[in-house]
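1. how would this look folded up:
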Amino acid sequence: MAAYRRKLFAVGLSCAASLSRGSSQSRRGLAALPTLLRRNWMSLSLTGALCAVPFIQNPENLTHEDLVRRASSLVTNSANTYLSQTTLALLDSISGYVKAISGLVTIHRRYSSSISKFTPAEEDAVWQVVLRQRQEVIDRRNDYKRFQSCWMTAINLSKLAAEAAFNAGADQASVAAQNSLQLTQSQVEQVRLQMQEAERQLKNSKAEDSERLQNALSAAMKEEDVPDAYLRED
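-> Next up is the predicted model:
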């Protein structure tokens, strides 16, 4: 190894001397590199590429099976970490979505029951609150769907990691990954039941299907469809 390093060092000095000349001389010198130098250059490139791979020294004289088993355990740990983080994000997003739905249902019920008592100004003020809460529901729903996609990816990764650990003989890591999967899926399923109940209440309240809301949405869509030429002053 020391002799090889000295050879590479000598090659580097030779290259540095060639590159220190003029640009035209450097191009001619590069084209005329000896065969040995080119072989060393290729070996250096290959060595540099291989060094990017984190090979683990084996001071304990472990077998390849032992090293693969250790690596599979590291994979399951990383997959479990990703799964736990995406699960937390998904649970929080569903909770926020359910809370936003509950707020919209409550506000819309109060609006519907007291509409006859409102002055036109009060009615418009309350209606603006309804619209803002409805937008909150939409935003929370989008967050939930985005984190659900990440969570499904984490589920698939954890399944693959558990299978890899089992095939490598890392039984403890495989069992831990499977237990984490079962616990995570159970937690998400419980929160999904709450979300389904909230969505059922939202549908029954018709907070998103009220006549005034549909008229407001239709008016907004018509305004967006009007060409700019018709909105200009003569």
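2. C-alpha only now, for contacts and for neighbours.
-> Will do.
3. so what's residue 211 scoring on pLDDT?
-> On pLDDT, residue 211 comes in at 62.
4. by contact count, what packs against the longest helix along the chain?
-> The helix that spans the most residues within the chain, counting by DSSP state H, is helix 64-114. Judged by 3 or more Cα pairs under 8 Å, 6 or more residues apart in numbering; DSSP states H and E, the packing partners of helix 64-114 are helix 120-168, helix 171-205.
5. could the ones you listed be laid out in CSV, adding mean pLDDT?
-> Output for those, formatted as CSV (pLDDT from 0 to 100):
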stretch, mean pLDDT
helix 120-168, 94
helix 171-205, 94
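6. Which one of these lies nearest to residue 85?
-> Counting by Cα to Cα, residue 85 lies closest to helix 120-168 out of the helices and strands packed on helix 64-114; the figure is 8.7 Å.
7. Kindly report the domain assignment for this structure.
-> 2-51, 64-224 (automatic domain parsing).
8. just the angle between the longest helix of the chain and helix 171-205, please?
-> Angle, helix 64-114 to helix 171-205, by axes from the mean of the first three to the mean of the last three Cα atoms, to 10 degrees: 10 degrees.
9. so residue 164 makes contact with residue 70?
-> No - judged on Cα atoms under 8 Å, residue 164 makes no contact with residue 70 at a distance of 11.3 Å.
10. Pick out whichever of the two has more residues nearby.
-> The neighbour comparison of residue 164 against residue 70 (other Cα atoms under 10 Å) goes to residue 164, with 21 against 16.
11. circling back: out of the helices and strands packed on helix 64-114, which one sits most buried?
-> helix 120-168 (a mean of 18; mean count of other Cα atoms under 10 Å).
12. the inter-axis angle of it versus helix 171-205?
-> 160 degrees.
13. helices and strands around helix 120-168, which ones?
-> So helix 120-168, by 3+ Cα pairs under 8 Å, 6+ apart, packs with helix 64-114, helix 171-205.
14. Can you say which of those is nearest to residue 124?
-> That would be helix 64-114 among these, by Cα to Cα, at 10.4 Å.
15. Does residue 154 touch residue 81 like I think?
-> No - the criterion here is Cα under 8 Å, and residue 154 misses it with residue 81 at 9.3 Å.
16. Mutual contacts of these two, please.
-> Counting by Cα atoms under 8 Å, 6 or more residues apart in numbering, residue 154 and residue 81 have no contacts in common.
17. ok, the residue nearest to residue 169 when sequence neighbours are not counted to residue 167 distance?
-> Spatial nearest neighbour of residue 169, excluding adjacent residues (Cα to Cα, 6 or more residues apart in numbering): residue 69 at 6.3 Å. To residue 167, residue 69 is 9 Å away according to Cα to Cα, to the nearest Å.
18. and if you look at residue 73?
-> In terms of Cα to Cα, residue 73 sits 11 Å off from residue 167.
19. ditto for residue 183
-> 22 Å.
20. do residue 178 as well
-> For residue 178 relative to residue 167 (Cα to Cα), the value is 14 Å.
21. do the same with residue 82
-> Residue 82 is 21 Å from residue 167, by Cα to Cα.
22. quick one: residue 143 and residue 93 touch, right?
-> Yes - counting by Cα under 8 Å, residue 143 does reach residue 93; the two are 6.1 Å apart.
23. what touches both of those two?
-> Joint contacts of residue 143 and residue 93 (Cα under 8 Å, 6+ apart) do not exist.
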